[in-house]
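Engineer: Can you look at this prediction? I've put the sequence above it.
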Amino acid sequence: MGDGFPERIRIGALARTFTPELVDFAIEEAGARERAVKSLPARLVVYFTLAMWLFTSVGYGGVLRELVEHWPLKRGEKSLSGNVGRGRHTG
């Protein structure tokens, strides 16, 4: 989808606007926490749904790729790609 700079800006704005704490609060309020161990993390599903609005010109796979490749990581944090592939929650 290009060189990645506009994508990093979009994903960064998404991450700053919808903080993990805010997303977790909304998930708990809605009673939508994942129930099965092998379920995709509810937080990931929320961010994926929001990212679909940012990347309307690509399919689901492209949206997930943008989310994984451009998610802002904190120092020492691992990439999301392994956790998405296994359907595991990072925190």
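Structural biologist: Received, thanks.

Engineer: most centrally placed residue in the protein?
Structural biologist: Y47 (3.9 Å; CA atoms, centre = their mean).

Engineer: before we move on, which element is that one in?
Structural biologist: helix 42-54 (DSSP states H and E).

Engineer: Quick check: buried residues in that helix?
Structural biologist: For helix 42-54, the buried set under the neighbour-count rule, 16 or more other CB atoms under 10 Å, comprises A42, R43, L44, V46, Y47, F48, L50, A51, M52, L54. Any C-beta I mention is one placed from the backbone N, CA and C, and that applies to glycine too.

Engineer: returning to that earlier point: the residue nearest to the centre of the chain contacts L14, correct?
Structural biologist: Yes. Y47 sits in contact with L14 when judged by CB atoms under 8 Å, with a separation of 6.9 Å.

Engineer: Ranking helices and strands of the chain by mean pLDDT, which lands last?
Structural biologist: Least confident helix or strand of the chain, by mean pLDDT, DSSP states H and E, is helix 81-86 with a mean of 52.

Engineer: any low-confidence regions in the chain?
Structural biologist: 1-4, 76-91 (pLDDT under 70).
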